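*Asks:* What shape does this take:
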Amino acid sequence: MEKNIVLIYGWGASFAKLKPLKEELEGLDWSVFIPRLPGFDLKPAKNVWGVENYSRYIFRKAKNVFKKEKFFVFGHSFGGRMAIRTCSLYPERLKGIILCASGGISRGSFIKRSIFFVLAKGGKTFLFIPPLANLFEKLLYKLAREHDYEKAQGVMKKVMRRVISEDLKKDVYKIRLPVLIFWGKLDKITPYKDALFLKKSIKGSKLISYWKEGHQLPYRKPKSLAREIDKWSTNLN
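*Replies:* Presented below is the predicted three-dimensional model:
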């Protein structure tokens, strides 16, 4: 079996955050690739990227590493958005996806998407006075409960507006590949109900819950996740 996997970290993280998981998987004879993402480990792209731009970028990089062999994609939080979209774009090249506290589900609700659509497309067209525009922007991200947006700088603020305005549920409903779901029951960033939605919506998916863990699950439990991924993938054959 081809034991190839791409690991995608979350918003504001870096290559180093998933390195312990990479090492645990390599100890189980996996070939692991963690792409360095523009705007995080690398300089931002010149234009404003959305989920699809990141997903296509990741696929190109992974294809260069794994050549014609198929691979799995693991995505944590923001990385989960990319895993879902990559599955939608390139199902023939993937063996399956692993979603860990994935973004883009309930926090991608209609209200929240609408708020960030306003920010992304028209938020400042009717607010010409900078202090009022800044106040309006802060009010919207507080209503959306998106704290990472407050921390984003420069073009990455625009990237986040675009990312959050995208609805990934339509992609979820189309998934036909094997899916493994990891979630911490105490997660306050991506609520546990999102895990239940994914489990219900993706036929044949497997959910593994960690009852005493939160959003930092892949950083706190790399050995456990690696073993579960290895066991799950073996049982697919």
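
*Asks:* Would you map out the domains in the protein?
*Replies:* Here the domain parsing of the chain from automatic domain parsing is 4-105+168-234, 110-162.

*Asks:* Average pLDDT for the last one, rounded please.
*Replies:* If you average the pLDDT over domain 110-162, you get 58.

*Asks:* The first one too?
*Replies:* Across domain 4-105+168-234, the average pLDDT comes to 95.

*Asks:* Quick one: end-to-end distance for that domain.
*Replies:* 12 Å (C-alpha to C-alpha, to the nearest Å).

*Asks:* Could you do stretch 212-222 as well?
*Replies:* First-to-last distance for stretch 212-222 - C-alpha to C-alpha - comes to 15 Å.

*Asks:* Which positions within that stretch qualify as buried?
*Replies:* 213-219, 221-222 (16 or more other C-beta atoms under 10 Å). To be clear about C-beta, it is placed using only N, CA and C from the backbone, and glycine gets the same treatment.

*Asks:* Just give me the closest of those residues to F72.
*Replies:* P218 (14.4 Å; C-beta to C-beta).

*Asks:* measure the closest one to E52 for me?
*Replies:* The gap separating P218 from E52 is 24 Å, by C-beta to C-beta, to the nearest Å.

*Asks:* Next: Y192.
*Replies:* Relative to E52, and taking C-beta to C-beta, Y192 is found at 27 Å.

*Asks:* sorry, back to before: most packed of the domains of the chain?
*Replies:* Looking across these with neighbours counted as mean count of other C-beta atoms under 10 Å, the highest average goes to domain 4-105+168-234: a mean of 19.

*Asks:* roughly how far out does that one sit from the chain middle?
*Replies:* Here domain 4-105+168-234 is found 6 Å from its chain centre; the criterion is C-alpha atoms, centre = their mean, to the nearest Å.
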